[in-house]
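1. Sequence first, then the predicted structure:
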Amino acid sequence: MTRSRDHLLPGTAGRDSAEWRPALLLREQAAASDLGRPVLYIHGATFPSASSVMFRFHGVSWADRLNQAGFDVFGLDFAGYGGSERYPAMGDAVPPAGEPLGRAAEAADQIERAVRFIVAETGVSRISVVAHSWGTIAGGLFAARHPELVDRLAFFGPIVRREGPREPEPPLGPWLPLTVSAQHARFIEDVPPGQDPLLFEDEFPRWAETYLDSDPGSRDRAPPAVKTPSGPIADIMAAWSGRLAYDPAALRSPVAIIHGAWDSLSTDADAAWLRAALTASPEVHAISVPRATHLMHLEQGRDGLFKATTAFLEASP
């Protein structure tokens, strides 16, 4: 039997964006009263924790599997996503002019808030972090700033530095709307021609409803769409232009690099680059999951991801 709780980390109002501090939703799912093994999940660029680590495909979520292994699972929604507070500019009906919202430096501050809450709540001194895609950039920046708070880092489908140039054109603006059809196309695009589908297509309509539920105004748009901060996309484009927002050499914790064999956003070459760049990490594992893409936690081969992540986290003394 699992126990689920939602924690709201309070924010503060401000006269401008520099003074504004968003309220953040931190979901918790625990399997027992022992809270000595907390894991924080950091989501990627386009959907929050309820649609990822907490979402049950055929009755089982990634959080469920981690609970079975004895971990207390927390899922943070960044500002602008899920149950966390929206940026003031996201109140407009169409994206206004302006800089992308939710860049890695700001997200790393939000991770710190979540981690310090978890440390106070559970009584541990350090926690493990599981991060996906763009979330590995924000998570890596946080871990570089606060190595004393991090036990182990599992990077799933990490975005790393590539040599560009690959700047977005035209300018991204603060946020963008993402439809269910755009998400579906992204989820299946890396499956090679002639291969069987990987996505749980029978469960996708239910996932889509959960995704639309993450934005209360999503169904008022035509077609329905979720407002999404564009800062993560700007961070990815910057990384692919040679400007990764954190220095892997600054990480001091054991790191697992887990990616799908068919992942075009996090390739074998990307994993090799990151492994070589983690010069101060005492322990680095690189795992390629066969028949899997960038969204393998939503795919039929997700057990490979779950097992690799759990084995790495369980190795903590």
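-> Alright, I've got the coordinates.
2. buried sites along stretch 273-293?
-> Neighbour-count burial for stretch 273-293, with 16 or more other Cβ atoms under 10 Å as criterion, is recorded at 273-275, 277-278, 281, 284-289, 291-293. C-beta coordinates here come from the backbone N, C-alpha and C atoms, glycine included.
3. average pLDDT across that stretch?
-> Averaged over stretch 273-293, pLDDT sits at 97.
4. Straight-line length of that stretch, end to end?
-> 19 Å (Cα to Cα, to the nearest Å).
5. which residues touch His259?
-> Taking Cβ atoms under 8 Å, 6 or more residues apart in numbering, we find His259 in contact with Phe156, Gly157, Pro158, Ser266, Thr267, Asp268, Asp270, Ala271, Ile287, Ser288, Val289, His294.
6. Now do the helices in the protein.
-> 62-68, 104-122, 135-145, 180-188, 204-213, 231-239, 268-277, 302-314 (DSSP state H).
7. how about the CA coordinates for the fifth one, as PDB?
-> Only the C-alpha atoms of helix 204-213 are listed here, as PDB (Å, rounded to 0.1, in the frame of the first residue of the first chain):
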ATOM      1  CA  PHE A 204      -2.100   6.900 -24.700                       C
ATOM      2  CA  PRO A 205      -5.600   8.400 -24.600                       C
ATOM      3  CA  ARG A 206      -5.600   8.300 -20.800                       C
ATOM      4  CA  TRP A 207      -2.100   9.700 -20.700                       C
ATOM      5  CA  ALA A 208      -3.300  12.500 -23.000                       C
ATOM      6  CA  GLU A 209      -6.200  13.400 -20.600                       C
ATOM      7  CA  THR A 210      -3.700  13.600 -17.700                       C
ATOM      8  CA  TYR A 211      -1.400  15.800 -19.800                       C
ATOM      9  CA  LEU A 212      -4.300  18.200 -20.700                       C
ATOM     10  CA  ASP A 213      -5.300  18.200 -17.000                       C
END
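8. could you dump the contacts of His259 to CSV with distance to Ala239?
-> Formatted as CSV, the contacts of His259 follow (distance: Cβ to Cβ, whole Å):
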residue, distance to Ala239
Phe156, 16
Gly157, 13
Pro158, 10
Ser266, 11
Thr267, 13
Asp268, 17
Asp270, 10
Ala271, 14
Ile287, 21
Ser288, 20
Val289, 22
His294, 15
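9. Buried members of these into PyMOL, please.
-> Selection of buried members from the contacts of His259 for PyMOL, criterion 16+ other Cβ under 10 Å:
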select buried, resi 156+157+158+266+267+270+271+287+288+289+294
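10. pretty sure Ser51 contacts Ser214?
-> Yes. Counting by Cβ atoms under 8 Å, Ser51 touches Ser214, with 6.4 Å between them.
11. got the contact list for the residue nearest to Ile127 when sequence neighbours are not counted?
-> Once flanking residues are discounted, Ile127 sits nearest to Pro38: 4.7 Å by Cβ to Cβ, 6 or more residues apart in numbering. Pro38 makes contacts with Phe71, Asp72, Val73, Phe74, Ile118, Thr122, Val124, Ile127, Ser128, as judged by Cβ under 8 Å, 6+ apart.
12. Kindly recompute the last result at 10 Å.
-> Counting by Cβ atoms under 10 Å, 6 or more residues apart in numbering, Pro38 touches 28, 30, 71-74, 115, 118-119, 121-124, 126-129, 151.
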